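# okay, here's the prediction I keep looking at, along with the sequence it came from:
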Protein chains: 2
Amino acid sequence: MKKILNSKETIIDDLIAGFIAAENGRVAQSDQNSRVLYRNKKIANKVGIVSGGGSGHEPLFLGLLGENLVDAVAIGNIFAAPTPGTVCEAIKQADQGAGVVCLFGNYAGDVLNFDMGVDLAAMEDILAINIPISDDVASAPKELKAERRGIAGDLFVIKEVAAAAAKGYSLEECVRIGKEANEKIFSIGVGIASGTNPMNGKKNFDLAEDEIEFGLGIHGEPGIEKMKIVGAEELTNRMYDVVKQEVEETGEKEVIICINGLGSTTCLELYIVNNEVNKRLISEGYTIHDTLIGSVCTTQEMAGFSITIQAVTSELKELYDLDAYSSCYFHKEDY
Amino acid sequence: MKKILNSKETIIDDLIAGFIAAENGRVAQSDQNSRVLYRNKKIANKVGIVSGGGSGHEPLFLGLLGENLVDAVAIGNIFAAPTPGTVCEAIKQADQGAGVVCLFGNYAGDVLNFDMGVDLAAMEDILAINIPISDDVASAPKELKAERRGIAGDLFVIKEVAAAAAKGYSLEECVRIGKEANEKIFSIGVGIASGTNPMNGKKNFDLAEDEIEFGLGIHGEPGIEKMKIVGAEELTNRMYDVVKQEVEETGEKEVIICINGLGSTTCLELYIVNNEVNKRLISEGYTIHDTLIGSVCTTQEMAGFSITIQAVTSELKELYDLDAYSSCYFHKEDY
C-alpha cells in the first residue's frame, strides 16, 4: 500500500487533528469524546444538524461542518459506524434548544448506532430524530427504497434539511423535509478500479483491466453486473436508464444533479459524464436547477463515479438555494 | 487505460461542454474560439483576469472562473499550452476597460504563447501583462526563482491578484501584487504513482512499489531524488526543510498554506500531512492565516501531493481574505 500515513493506530486521530488545524478556529473537538467535532458558532433555538459515519470517505462527513450546514459530526473508524456514545455526544454538541436531526447513510451499523445514540440523548432530555439516507438505486428495488444504501445523495439531503433548520423550521418540519428530500433522490454508481483500505492494505474488489462494475456500492459492495468498459455516452445512458422511471414517477420536472468521483476518477472524466447526463436530461424535458461536480463522497482512491438526480419541489429548491459554506476550494473566509 | 471518455478527438470539447452545463449560465464560450470561456458578469473598469494552460489538471484552470476570481480562461489541449490566438481571445473577453493581467504556470510553451497572445491583443489596443507563476522550489535554485515551474501556488497568486482587481486596483497595482505574491510563494511536491495521459494511455513516470519521487513536477518532470516511501511525519519534515530557508528569508511571520493532492492521493492523507505541516510551522513560530486542502491542481490520477507555503504581508492577507467563489462543493448559488 502506497499511502502517506504515520501508523494505523493514529490514522483517525491524525486525520482529525489535520482537519481541525485547517479549520482555523471554526470547529472544536469535544473534550468528552475525541471523535466528535462541532461548529463553534451556535444559533439559539435552531434545530441542530448532526451527520457522521465511517471514515475513509473524506471529505465526508467532517467536511460538511459549516454555515447553514452541519453543526456536529460523529466520526467512526475506517468504514465503520461511529459508536452510540459518539453519536450521543454529537447530538449534545449540536443541540441548540430545538431538537436535533441526524442524517447519515443507510447502513445497518450506522442505523443501529445512531438509534442507540438517540436513545442515550433522550436520557439526557435531548430530542433527536434519525433520517437514514437511501439514494443508491442499485442496492434495492424501488418497493424497498428504505432499504437502499446512502451514497452521494447524502449531500443534497443534508444541505436541504440544514437549510430548513437555518431558516427556523421546527424539528417536525425539518424531519418532513428530510423525508421528502430522501424520497426524491436517486443515485447509480459504477466501479472502475478498487481503492485500498488504509488499515490493512486490502483492495475492496477485483476487476479485469477492461471491466467495470455497474451499480457498485461505495464500500465495494457488489453491483448489478460486471461489464466491459464502454464510452462515456453509452455508459451514462445505461446508468440513466436505471433511474429514469423513478425520477419520472416523482412528477417533478426540475432536478438537481451530482456527478461524484469515488476517488481517483479524474475531474476531466466527471465533466465529460456531466455533458452526457445533461444532454439526456434535457432531451427528456427536465430543467437542471444546479449541478455539483467533484469527488465529494469517496472511498479512498477507488476509481468510479456516481450520478445522483434529485427531483425538486419548489420548496426543496428554495432550501437548496440557501447559501451554505464549508471548507473546500475558495470558500467564504469567515463562517 | 481505464477512463470514461468518448473519443480522444473530442476530449477537450466534451470537457468544455460538461463544464459549461454545470455552470448553469454563469459562463459562456467565445463564438470566435471554442477554447475560451468567460464569465458573463462584467464590471466596468475592473482590471480583467485571465488564466489558462494545458488541460488535464482539472479543476484548473476553468474551475477558477468565478466571482472575484478569473474573468476568462484560455484552454489548451491535454498538457499543452493554449495557442496565442486562444490567449488573445481570452484577453479580449476579460477586458473590461482597464487592462488585463494573465496569470499562468511558468512553462516554456505557456510563456511563449501567452507572450504572443499579449502581442496580438496589443494590436487590437488592449493592454495585457503576463505574470508567469513560479512556486516549485524543486525545479530551480532560489537564485533562479523566475525559472521555476508553477504548480499549486497558482491558486493563491491568482486569488490575490483577482481580489486586487475586484477592489479597483489599477493594472499597474495588480501587476505589483502579482509579482509580490509570486515572490513569496514556495511549493514542494512528491510523486507516489503515475497518472495516465488520456490522449495516448501513457504513464508519465515509473516508480517501484516502495519508492516515491521527491520534488516531482506536476507533469512527471523528474524531481530531486527517488527515495523509499516513509511515514507522513518524516516525509513532511523533509519537504518542509527544502522550503524553510526561503520562507524565513521573506521576513514574514504569517503564512497561508495549501496541501494539494495530485489526483488519487486521498483527502484522508492530505489532512494527515496538514497536521504535520501545521505542527512544524507552529514550532517554527509562524501563524497560519488560512489553509486550503484538496485536489485543486491535478495531473490526472497521479498519486502524490504538494505543500505550498505563502508568506503574506498584511496587504496580501487582506486581498486573500476577500470572499471569492467558483464552482466546487457548496458554493454561493448565484455569482
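Ah, there it is. This is a predicted model, so every value here is computed, not measured.

# which residues does the lowest-mean-pLDDT helix or strand in chain A contact?
Counting by mean pLDDT, DSSP states H and E, chain A has its least confident helix or strand at strand A:325-326, which shows a mean of 90. Strand A:325-326 is touched from outside by A:63-70, A:331-332, A:335, B:329-330, with contacts defined as CB atoms under 8 Å, 6 or more residues apart in numbering or on different chains. Placement of C-beta: from N, CA and C, glycine included.

# will you turn these into TSV that also has distance to B:Lys145 and pLDDT?
Formatted as TSV, the contacts of strand A:325-326 follow (distance: CB to CB, whole Å; pLDDT from 0 to 100):
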residue	distance to B:Lys145	pLDDT
A:Gly63	34	95
A:Leu64	39	95
A:Leu65	38	95
A:Gly66	37	94
A:Glu67	38	94
A:Asn68	42	94
A:Leu69	40	95
A:Val70	42	97
A:His331	30	73
A:Lys332	32	74
A:Tyr335	35	75
B:Tyr329	33	64
B:Phe330	37	64
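
# among these, who's most crowded?
Neighbour count (other CB atoms under 10 Å in any protein chain shown) singles out A:Val70 as the most crowded of the contacts of strand A:325-326, with 29 neighbours.

# now it: phi and psi?
When read as degrees, to the nearest 10, the backbone of A:Val70 gives phi -100, psi 140.

# low-confidence ranges, the stretch 201-335 of chain A, go.
A:329-330, A:333 (pLDDT under 70).

# show me the domain layout of chain A.
With domains defined by automatic domain parsing, chain A comprises A:13-182, A:185-312.

# now distance to chain B too, for those, in TSV please.
Conversion of the domains of chain A to TSV gives the following (distance: least, CB to the nearest CB, whole Å):
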stretch	distance to chain B
domain A:13-182	3
domain A:185-312	3
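
# once you drop chain neighbours, what's closest to the residue nearest the centre of chain A?
With distances taken as CA atoms, centre = their mean, the residue of chain A nearest its centroid is A:Asp154 (3.2 Å). Spatially, and ignoring its direct neighbours in sequence, A:Asp154 is nearest to A:Ile133 (5.0 Å; CB to CB, 6 or more residues apart in numbering or on different chains).

# which residue ranges form the helices in chain A?
Under the criterion DSSP state H, chain A contains helices at A:11-23, A:84-94, A:108-122, A:154-166, A:171-183, A:232-249, A:267-283, A:314-320.

# of the ones you listed, flag the one that's most buried.
Greatest average neighbour count among these goes to helix A:154-166 (a mean of 28), per mean count of other CB atoms under 10 Å in any protein chain shown.

# identify the residues contacting that one?
So helix A:154-166 is contacted by A:43, A:46-49, A:51, A:60, A:64, A:68-70, A:101, A:103-105, A:131, A:133, A:135, A:173-174, A:177-178, A:181-182, A:185, A:256, A:258, A:292, A:296-297, A:308, A:310, A:316, A:319-320, A:322, A:324, B:330 (CB under 8 Å, 6+ apart).

# kindly calculate the angle that that helix makes with helix A:84-94.
Helix A:154-166 runs at 40 degrees relative to helix A:84-94, counting by axes from the mean of the first three to the mean of the last three CA atoms, to 10 degrees.

# only C-alpha atoms, please: export helix A:154-166 in CSV.
Below are the C-alpha coordinates for helix A:154-166, written out as CSV (Å, rounded to 0.1, in the frame of the first residue of the first chain):
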residue,chain,number,x,y,z
ASP,A,154,-26.3,12.4,1.3
LEU,A,155,-25.0,15.8,0.4
PHE,A,156,-28.2,17.2,-1.1
VAL,A,157,-30.5,15.8,1.6
ILE,A,158,-28.2,17.2,4.3
LYS,A,159,-27.9,20.6,2.6
GLU,A,160,-31.7,20.9,2.3
VAL,A,161,-32.5,19.8,5.9
ALA,A,162,-29.7,22.1,7.2
ALA,A,163,-31.2,25.0,5.2
ALA,A,164,-34.6,24.3,6.7
ALA,A,165,-33.1,24.4,10.2
ALA,A,166,-31.2,27.6,9.3
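
# could you give the angle of that helix to helix A:171-183?
Comparing the axes of helix A:154-166 and helix A:171-183 via the same axes, to 10 degrees yields an angle of 160 degrees.

# number of nearby residues for A:Ile307?
If you count neighbours by other CB under 10 Å, A:Ile307 ends up with 26.

# quick one: residues contacting it.
Applying CB under 8 Å, 6+ apart to A:Ile307 gives the contacts A:187-189, A:236, A:239-240, A:243, A:257-259, A:273, A:277.

# same thing but at 10 Å, please
Contacts here follow CB atoms under 10 Å, 6 or more residues apart in numbering or on different chains; on that basis A:Ile307 touches A:152, A:186-190, A:235-236, A:239-240, A:242-243, A:257-260, A:270, A:273-274, A:276-277, A:280.

# from A:Leu270, how far out is it?
As judged by CB to CB, to the nearest Å, A:Ile307 and A:Leu270 stand 10 Å apart.

# mind listing the shared neighbours of those two?
Among the neighbours of A:Ile307, those also in contact with A:Leu270 (CB under 10 Å, 6+ apart) are A:258-260.

# quick one: mean pLDDT over stretch A:73-91.
Mean per-residue pLDDT for stretch A:73-91: 98.

# with stretch A:108-115 instead?
For stretch A:108-115, the mean per-residue pLDDT is 98.

# quick one: it to chain centroid distance?
In terms of CA atoms, centre = their mean, to the nearest Å, the centre of stretch A:108-115 is set 16 Å apart from its chain centre.

# and stretch A:150-159, by the same measure?
Here stretch A:150-159 is found 4 Å from its chain centre; the criterion is CA atoms, centre = their mean.

# ok, back up a step: beta partners for the residue nearest to A:Asp154?
Assessed by DSSP bridges, A:Ile133 has beta-bridge partners A:Gly105.

# next, count neighbours for it.
Neighbour count for A:Ile133, taken as other CB under 10 Å: 28.

# that one contacts A:Phe114, correct?
No. Contact between A:Ile133 and A:Phe114 fails when scored by CB atoms under 10 Å: they sit 11.4 Å apart.

# between the two, what contacts are shared?
Both A:Ile133 and A:Phe114 are in contact with A:103-104, where contact means CB under 10 Å, 6+ apart.

# what sits against A:Asn275?
A:232-233, A:236, A:259, B:6, B:10, B:13-22.

# confidence score at the closest residue to it other than its chain neighbours?
Excluding its sequence neighbours, the residue lying closest to A:Asn275 (CB to CB, 6+ apart) is B:Gly18, at 3.5 Å. As summarised for this prediction, B:Gly18 has a pLDDT of 97.
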